[in-house]
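Trainee: okay, here's the prediction I keep looking at, along with the sequence it came from:
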There are 2 protein chains.
Amino acid sequence: MTGLRARFQMPPFYCPIEPALHPDADMIEKRAIEWLDRVGIYENETQRTRVIGTNSAEFFSRFTPEGVDDNVLLAAQWVYWGFAFDDVRCDRGPLSDRPDRFVRVAGRVQRVIEAPHSVDTADDPYLGALHDIGLTMRELATPTQVRRFIDAHRAWLHAVAWQIGNQARNEMPGLNDYITMRLGSCGGFPTMALLEIGNGAEVPAHEMDHPTVRAATEAAVLTAGLDNDLHSYRRELQQQHTDQNIINVLMHHEGHDLERALVEAVGLRDRIMQLYLRLHAQLLPEASNELRTYLTCLGKGIRGNVDWALRVPRYAAPSPPDESSTGSQHRTPVWTDTPSDRTPGPPAVPAISWWWDRVEHDE
Amino acid sequence: MTGLRARFQMPPFYCPIEPALHPDADMIEKRAIEWLDRVGIYENETQRTRVIGTNSAEFFSRFTPEGVDDNVLLAAQWVYWGFAFDDVRCDRGPLSDRPDRFVRVAGRVQRVIEAPHSVDTADDPYLGALHDIGLTMRELATPTQVRRFIDAHRAWLHAVAWQIGNQARNEMPGLNDYITMRLGSCGGFPTMALLEIGNGAEVPAHEMDHPTVRAATEAAVLTAGLDNDLHSYRRELQQQHTDQNIINVLMHHEGHDLERALVEAVGLRDRIMQLYLRLHAQLLPEASNELRTYLTCLGKGIRGNVDWALRVPRYAAPSPPDESSTGSQHRTPVWTDTPSDRTPGPPAVPAISWWWDRVEHDE
């Protein structure tokens, strides 16, 4: 284990997008904490500290740096809620290997956000808090934005159920299954559905539902999801256990050692990141203002997710991993301008290879 | 069991909607069977007969009696596929009490309809057939219609997972949970999402996502879902086993006997049917042509579902149940003009009571 940990260095992130932060991030955090204390999605002071320590207000303030204050607050509330729910009911709680019970919880949770006043909020603070978010969302967002968020929310829970099913069988999924699952389970769909709500700018249906916009959205979501895999892997190595994760999938199914798996994982992630950038550039000239804002904020989300992860207690290492063996003079830089893999075509992952079909080639 | 069966009479259906059938239903069925034989979602002649015997072409031809032939065919293909998948992978197959495995299958299935060319169709004819449907859908339907179908498809699988989780624990859900689950598990969302595809008439987003239209959609879906519960119950009684079903839920949790449970179930169903009719009437004056067609076809779906169920081998009794005890001179009529329960407000089911908030009352 010491050997593995010593060899594991976080590689630099390829992300040619400038960092950003909403100017009212501090105030948004203050208001979000007041809300957390009102809805009470923690059971004790330790849990409260943990929920607040997710820095969810900072997180989403990086996604929509020019968003409407009240709307960014609403989005931040959902992110806090999502982390709290994830810890108690998904990744770590008693349901983490009980798919039969998780799908019931997921069904109830989903209905709470779908159907106003469908829950006795006193019964369960997690349901009550989500219900509260749903009511506010119906005030601040358009019906189409609300519906998109609801569908994205279901996609997340659907994929988390898959993850929990694998956990119950102690099964490491293959690469194509893992990518399909991770695309949903990372929570990126509901988070990115909050972009147009945070910005108060509804993207017209003919744009949002266009396959190229969908591909760009999925590519941004998976880039962030794989980045979080790298952060999680570092933390989990230190906790002496690792879980379903792109690195473990590549080690388990492709027979790679850790070093090779890391190279492959970052290469895949960088190819997906480049695809997002390409589709973004391709879509911009014809895009409405609302779509332009949305697409740009997908990129802010990728960048903001890394900026946030490097600071947040959830992922932060007690001692930075890049100091553990080689000394600070050899510390790996955090960022790079150069993708580790420039292969232009699709990777051998059928679940996502259609994204590359959306690239327009110059004749 | 004989006593129960003797006492069980199908109550008449309250459905003041005229029956309808697409004039090309026979040709659509013929083409659909050619497709079934091409994609091969059966393993032997018995299964082939069973799949064809779902009469799915007739079923959907009742939903969109004025639909575009090719599009109604596409919808019918999905209905055949859905029944075949349901029998092999959901209700009856080896996954029916294995939620951990079902969620993996559901995740893969969902990705096949989401992502073109994401599957080696030779590996699994069920995935291959759904993939084929997805490709054709991208040719015949708009991107927004495709996206709506994809989201509805996930809602179905999400709810089926819940049902399978209950089955694994041998647990009969409570009424509110059951209604939430049944709303999704009955498959009505993807079926109704095929209406605007069948009709070749995309409903604008600001109409489709409006809460009142959503409430009308859900009410129509649940009316049909509860009707199917009644048909299933009759069949299951004859097969000497019954499953998660509105009647069993009411007997199990409310302590009702069969007679009382049946009265309560039909009363609830009739109140929901009346709500659909009311919201339909309320929405029509301001509706676009596309929305008007959609809303009307929701009603055709409720009616067509019963017309279909009364004839289809899937539900048909070897001897009609209304002849089993009292003789044909006392046979219960199939239809009634009078709802069994006229209570105007919402039932005590929080998951759906918000629908009644959408009713506009005269000042």
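Mentor: Cool, the structure landed.
Trainee: can you pull the contacts of A:V312?
Mentor: A:G53, A:T54, A:N55, A:F59 (CB atoms under 8 Å, 6 or more residues apart in numbering or on different chains). All C-beta spots, glycine's among them, are computed from the backbone N, C-alpha and C.
Trainee: for the second one, which residues are in contact?
Mentor: By that I understand A:T54. A:V79, A:Y80, A:F83, A:A84, A:V312, A:R314.
Trainee: separation between the last one and A:H231?
Mentor: Between A:R314 and A:H231 the distance, using CB to CB, to the nearest Å, works out to 8 Å.
Trainee: coming back round to it: of the contacts of A:V312 - the most surrounded one?
Mentor: Going through the contacts of A:V312 with other CB atoms under 10 Å in any protein chain shown as the criterion, the one with the most neighbours is A:F59, at 25 neighbours.
Trainee: can you classify it by secondary structure?
Mentor: Taking DSSP: H, G, I helix; E, B strand; the rest coil as the rule, one finds A:F59 in the helix state.
Trainee: my read: it touches A:Y80, true?
Mentor: No: if you go by CB atoms under 8 Å, A:F59 and A:Y80 don't touch, sitting 9.2 Å apart.
Trainee: the stretch 201-350 of chain A: helices as residue ranges?
Mentor: Assigned by DSSP state H, counting those that start in this stretch, the helices in the stretch 201-350 of chain A fall at A:205-208, A:211-238, A:246-254, A:258-283, A:289-309, A:350-357.
Trainee: about what we covered before: between A:R314 and A:H231, which is the more surrounded one?
Mentor: The neighbour comparison of A:R314 against A:H231 (other CB under 10 Å) goes to A:H231, with 20 against 17.
Trainee: the nearest residue to the more buried one once chain neighbours are set aside and A:N228, how far apart?
Mentor: Counting by CB to CB, 6 or more residues apart in numbering or on different chains, A:Y315 is the residue found nearest to A:H231 once chain neighbours are left out, at 4.1 Å. Distance, A:Y315 to A:N228, by CB to CB: 8 Å.
Trainee: residues in contact with A:V160?
Mentor: Shown in contact with A:V160 (CB under 8 Å, 6+ apart): A:C90, A:F102, A:A106, A:G184, A:S185.
Trainee: need the residues you listed in a markdown table (columns: neighbour count, pLDDT and distance to B:N245).
Mentor: A markdown table is the format used below for the contacts of A:V160 (neighbours: other CB atoms under 10 Å in any protein chain shown; pLDDT from 0 to 100; distance: CB to CB, whole Å):
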| residue | neighbour count | pLDDT | distance to B:N245 |
| --- | --- | --- | --- |
| A:C90 | 22 | 64 | 30 |
| A:F102 | 31 | 94 | 23 |
| A:A106 | 28 | 96 | 22 |
| A:G184 | 29 | 98 | 31 |
| A:S185 | 26 | 97 | 32 |
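Trainee: could you tell me which residues touch both of A:Y315 and A:N228?
Mentor: Counting by CB under 8 Å, 6+ apart, the contacts common to A:Y315 and A:N228 are A:A309.
Trainee: when these two are compared, which one has more neighbours?
Mentor: Neighbour count, other CB under 10 Å: between A:Y315 and A:N228, A:N228 has more, with 21 against 15.
Trainee: and for the nearest residue to A:M172 once chain neighbours are set aside, the neighbour number?
Mentor: Among residues not flanking A:M172 along the chain, A:H252 sits closest, at 4.4 Å (CB to CB, 6+ apart). A:H252 has 18 neighbours, counted by other CB under 10 Å.
Trainee: verify the contact between A:H252 and A:L175 for me.
Mentor: No: shown here, A:H252 and A:L175 do not form a contact pair, counting by CB under 8 Å, at 9.7 Å.
Trainee: before we move on, the earlier item: include secondary structure and distance to A:A141 when you put the contacts of A:V160 into TSV, please.
Mentor: Below are the contacts of A:V160 laid out as TSV (DSSP: H, G, I helix; E, B strand; the rest coil; distance: CB to CB, whole Å):
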residue	secondary structure	distance to A:A141
A:C90	helix	25
A:F102	helix	28
A:A106	helix	23
A:G184	helix	22
A:S185	helix	24
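Trainee: residue ranges with poor pLDDT in the stretch 251-363 of chain A?
Mentor: A:316-331, A:363 (pLDDT under 70).
Trainee: 90 - rerun?
Mentor: Residue ranges of the stretch 251-363 of chain A with pLDDT under 90: A:253-255, A:312-333, A:361-363.
Trainee: any idea which element the residue of the stretch 1-150 of chain A found nearest chain B lies in?
Mentor: Across the stretch 1-150 of chain A, the shortest distance to chain B (CB to the nearest CB) belongs to A:D100, at 3.7 Å. Element membership of A:D100, judged by DSSP states H and E, is helix A:99-114.
Trainee: and that helix, how far out from the chain middle?
Mentor: Centre-to-centre, helix A:99-114 and its host chain are 20 Å apart (CA atoms, centre = their mean, to the nearest Å).
Trainee: helices or strands up against it?
Mentor: Under the contact criterion of 3 or more CB pairs under 8 Å, 6 or more residues apart in numbering or on different chains; DSSP states H and E, helix A:99-114 touches helix A:125-140, helix A:143-169, helix B:99-114, helix B:143-169, helix B:175-185.
Trainee: spatially central residue for chain A, please.
Mentor: With distances taken as CA atoms, centre = their mean, the residue of chain A nearest its centroid is A:G188 (3.9 Å).
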